[in-house]
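K.L.:
after the sequence you'll find the predicted model.
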Amino acid sequence: MTDGPRPISADALRALRRELAELRAERAAVAATLKGEDDAVGDRADEADELQRADEVGRLDERIDRIEERLRGAAEAGAPATGVVGVGSTVTVRFEDGGESTVHVGELADADDPALVTSDSPLGAALLGRRAGDTVTYRTPGGPMHAVVVSVGA
């Protein structure tokens, strides 16, 4: 797959927008507790607490920036192409042992979808941009593995 913008499924798009709203609210709440330049910070414990809250605001800002960048990229990329594995695709894969599995390629992990592989996992990343009939190689703790893309659906 190219290094350009990646499409995103409608479910992942909704989840990212929801997370972004939650992060912005959390950031506002934490930032409201920070003292201004003219406010005196008490003892060392107060100073440490203030630094910890400032670090938390920085962490939230970084995650907000990453989500906003991903959303901009998804808008540029448009919908996933048909016949090519992308985020949101359902893919049937045949593994080296002959077993087949149908997986959903998603952007975000979802404990309620046992067939989901994230696009940044070894198998998910190897599948991106592939078509039926392609062989993919991906890393596992036991070493490299190979699989064949049997079919690609939306």
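P.N.:
Okay, I see it.
K.L.:
contacting residues around stretch 128-144?
P.N.:
Residues from elsewhere that reach stretch 128-144 (CB atoms under 8 Å, 6 or more residues apart in numbering): 1-2, 6, 83-87, 93, 105, 119, 122-123, 125-127, 145-152. C-beta here means a position set from N, CA and C on the backbone, and glycine is covered the same way.
K.L.:
in PyMOL, select just the buried ones from those.
P.N.:
Buried residues within the contacts of stretch 128-144, by 16 or more other CB atoms under 10 Å, are selected in PyMOL with:
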select buried, resi 6+84+85+86+87+93+105+119+122+123+125+126+127+145+147+148+149+152
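K.L.:
now do the contacts for Ala125.
P.N.:
Applying CB under 8 Å, 6+ apart, we find Ala125 in contact with 119, 138.
K.L.:
tell me the pLDDT of it.
P.N.:
As predicted, Ala125 sits at a pLDDT of 92.
K.L.:
gap between the helix or strand harbouring it and the chain center?
P.N.:
Using DSSP states H and E, Ala125 sits in helix 122-127. Relative to its chain's centre, helix 122-127 lies at 13 Å (CA atoms, centre = their mean, to the nearest Å).
K.L.:
just checking, next helix/strand downstream of it?
P.N.:
strand 135-140.
K.L.:
direction included, what does that following strand pair against?
P.N.:
strand 143-153 (antiparallel) (DSSP bridges).
K.L.:
do me a favour and get the end-to-end distance for stretch 34-54?
P.N.:
For stretch 34-54, the first-to-last residue distance is 7 Å (CA to CA, to the nearest Å).
K.L.:
which stretches in this protein count as helices?
P.N.:
In the chain, helices defined by DSSP state H lie at 10-32, 44-77, 122-127, listed in chain order.
K.L.:
what's the most buried one of these?
P.N.:
helix 122-127 (a mean of 21; mean count of other CB atoms under 10 Å).
K.L.:
which other helices and strands contact the helix-or-strand element of the chain with minimal mean pLDDT?
P.N.:
In the chain, the helix or strand scored least confidently by mean pLDDT, DSSP states H and E is helix 44-77, which has a mean of 85. Packing contacts for helix 44-77, counted by 3 or more CB pairs under 8 Å, 6 or more residues apart in numbering; DSSP states H and E, involve helix 10-32.
K.L.:
what helices or strands is the helix it packs on leaning on?
P.N.:
Counting by 3+ CB pairs under 8 Å, 6+ apart, helix 10-32 packs on helix 44-77.
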